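Participant: fold the stuff below for me.
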Amino acid sequence: MAAFAVRDAISQSNLEPGAIDLLACATTLPDLLVPGFASTVHGELCELSPLEIVSTQGVGCAGVSA
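Facilitator: Numbers count the residues shown, from 1 in each chain. Okay, the predicted model is just below:
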């Protein structure tokens, strides 16, 4: 779902996928502890080039990061 949301956001913007250099993802309750949520989402987004990722989890940490 998150990868679909990223693709939708890219399609509605004037950005090329190559212009994105940071992917920040947060979740309150991750499906897995490892790999981080951002790693999982980035793995689904083959149109993005290698980039920095930030992955946070937990109610407080995810809220602060947002």
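
Participant: what about the nearest residue to residue 45 once chain neighbours are set aside, which helix or strand?
Facilitator: Spatial nearest neighbour of residue 45, excluding adjacent residues (C-beta to C-beta, 6 or more residues apart in numbering): residue 3 at 5.4 Å. Just so you know, the C-beta spots here come from the backbone N, C-alpha and C atoms, and that holds for glycine as well. Secondary-structure element containing residue 3, defined by DSSP states H and E: helix 2-12.

Participant: next secondary structure after that helix?
Facilitator: Using DSSP H and E, the helix or strand that follows helix 2-12 in sequence is strand 22-27.

Participant: so that next one versus helix 2-12, what angle?
Facilitator: Counting by axes from the mean of the first three to the mean of the last three C-alpha atoms, to 10 degrees, strand 22-27 lies at 140 degrees to helix 2-12.

Participant: strand 22-27: which residues count as buried?
Facilitator: Of all the residues in strand 22-27, those buried under the rule 16 or more other C-beta atoms under 10 Å are 23, 25-27.

Participant: for stretch 42-51, same thing?
Facilitator: Buried residues in stretch 42-51, counted by 16+ other C-beta under 10 Å: 42, 45, 48.

Participant: check contacts around the last one.
Facilitator: When the contact criterion is C-beta atoms under 8 Å, 6 or more residues apart in numbering, the partners of residue 48 are 17-18, 20, 23, 42.

Participant: and the gap between the residue nearest the centre of the chain and residue 14?
Facilitator: Residue closest to the mean C-alpha point of the chain, counted by C-alpha atoms, centre = their mean, is residue 25 at 4.0 Å. With the distance defined as C-beta to C-beta, to the nearest Å, residue 25 ends up 22 Å from residue 14.

Participant: same check, this time on residue 51
Facilitator: As for residue 51, its distance to residue 14 is 18 Å (criterion: C-beta to C-beta).
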